[in-house]
Each structure stands twice: as structure tokens, then as C-alpha cells.
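*Asks:* what shape does this take:
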Amino acid sequence: MSDDTIILRPYMPNDAEWLAARHGALYAQQEGFDDTFALLVAQILTDFAETHDPKVERGWVAQRGTERLGSIFCVRLDKKTAKLRLFLLEPAARGQGLGQHLLETCLDFARDVGYDRLTLWTHQSHHAACALYRKNGFACIEEKPVHSFGRDLVEQTWTISL
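*Replies:* As a prediction, this is how the structure comes out:
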């Protein structure tokens with residue numbers, strides 16, 4: 001593998017600290033989120049480590065050499081519905097098709113293990129991510145104003161039939 005090759009590898013427990021820290025730092029810088037967001041991400045990762053079923057739930061980390069570039073997770077919501085979680089791209093890795101590749105990997109996995117639907121939770125302010133979801137056939141099925149992570153936001157729920 002050359003140093004410029006990007007791979008998607010399985011999420012490993014030693015990725016947790018990086019993933020929580022990067023979510024916290026990027027969302028603080030780009031969205032003005034407070035520290036409670038990184039704490040939420042850390043709790044999601046703790047829950048994943050303690051309870052996930054590797055047959056129907058998976059996490060991936062995009063990496064170039066030793067540099068982590070992003071992540072995406074597919075977790076079970078119920079027997080027929082999966083939830084996309086912790087979709088992150090480092091700013092330097094955006095606009096190169098990596099987000100699409102991560103999303104396709106998650107969608108393919110969800111289909112392959114038998115889910116009928118994939119859902120996700122995001123915020124209206126995440127314009128690039130929402131455009132990517134829309135391009136891939138997701139529909140926004142709910143929006144509601146909230147005060148979360150120290151900010152007034154509009155939460156969105158998106159879904160796609162698989």
C-alpha cells in the first residue's frame with residue numbers, strides 16, 4: 001500500500017479517543033458546539049464496544065498511511081432498521097469522494113445483513129452531509145428545533161429503504 005492509498009478498515013477500540021476528540025474539535029470549530037458533543041460521541045463508542053453484535057453492526061475508519069481521515073458506523077435500531085452513526089470526514093479529506101465511499105460501504109453492509117431501512121440523525125446546518133444523503137436516496141422525514149450542544153439547532157431524521 002502506498003502512502004497515498006486510502007483504506008477503510010474496521011473500527012478498533014484504540015480509535016475511540018481519536019474519534020471522540022475529532023468530533024468534539026471539528027464540531028466546536030465549525031458549528032460552535034460545546035463539550036457535551038464529544039461526551040455524547042464517547043458514550044456512543046462506549047456503548048458500541050460493550051454491546052454491539054458484529055454480525056449486524058460495524059464501524060469503519062478511513063485511513064491513509066497512519067493518518068485517520070474519517071469514520072462511519074452501522075448499528076442496529078431494531079430487527080429491520082439500522083442506524084448510521086458517527087459519520088465524520090476530516091476537512092482535508094472532503095470533496096474527494098471519500099464520504100460517498102464511506103456511505104456506500106455502510107449502505108451495502110446494511111443491505112447485506114438484511115436490514116430493510118437505514119435511518120440517521122443529523123442537523124440541518126450540515127449542508128454537505130445532507131446533500132450527500134439526498135443524492136443517495138435518503139429522505140428527511142422529521143425536523144424539529146432544539147437547543148443542544150450549547151446552540152439552537154434544527155435536528156433532522158433521514159431514512160432510506162434498502
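
*Asks:* who's in contact with stretch 73-91?
*Replies:* Around stretch 73-91, the neighbours that count as contacts under Cβ atoms under 8 Å, 6 or more residues apart in numbering are 11, 19, 22-23, 26, 41, 44-45, 48, 52-53, 56-60, 62, 68-72, 98-99, 102-103, 106, 109-110, 115-121, 129. For glycine as for every other residue, the C-beta is placed from the backbone atoms N, C-alpha and C.

*Asks:* dump that stretch to CSV, restricted to CA.
*Replies:* Coordinates of each C-alpha in stretch 73-91 appear next as CSV, following Å, rounded to 0.1, in the frame of the first residue of the first chain:
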residue,chain,number,x,y,z
PHE,A,73,-20.9,3.2,11.8
CYS,A,74,-23.9,1.0,11.1
VAL,A,75,-25.8,-0.1,14.2
ARG,A,76,-29.0,-1.9,14.9
LEU,A,77,-32.0,0.1,15.8
ASP,A,78,-34.4,-2.9,15.6
LYS,A,79,-34.5,-6.1,13.6
LYS,A,80,-35.4,-4.4,10.3
THR,A,81,-33.8,-0.9,10.8
ALA,A,82,-30.2,0.1,11.0
LYS,A,83,-28.9,3.5,12.1
LEU,A,84,-26.0,5.3,10.6
ARG,A,85,-23.8,6.9,13.2
LEU,A,86,-20.5,8.8,13.7
PHE,A,87,-20.1,9.8,10.1
LEU,A,88,-17.0,12.1,10.1
LEU,A,89,-14.6,13.4,7.5
GLU,A,90,-11.5,15.4,8.3
PRO,A,91,-11.7,18.7,6.4
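
*Asks:* and it, how far from the chain's centre?
*Replies:* On the basis of Cα atoms, centre = their mean, to the nearest Å, stretch 73-91 sits 6 Å off its chain's mean C-alpha point.

*Asks:* could you do stretch 15-33 as well?
*Replies:* Relative to the chain's own centre, stretch 15-33 is displaced by 12 Å; criterion: Cα atoms, centre = their mean.

*Asks:* for that stretch, buried residues please.
*Replies:* Buried residues in stretch 15-33, defined by neighbour count with 16 or more other Cβ atoms under 10 Å: 15, 16, 19, 20, 22, 23, 24, 26, 27, 28, 33.

*Asks:* could you do stretch 109-128 as well?
*Replies:* For stretch 109-128, burial by neighbour count (16+ other Cβ under 10 Å) applies to 109, 110, 115, 118, 119, 120, 122, 123, 126.

*Asks:* in what helix or strand does the most centrally placed residue in the chain lie?
*Replies:* The centroid of the chain falls nearest to residue 87 when counting by Cα atoms, centre = their mean (1.8 Å). According to DSSP states H and E, residue 87 maps onto strand 81-89.
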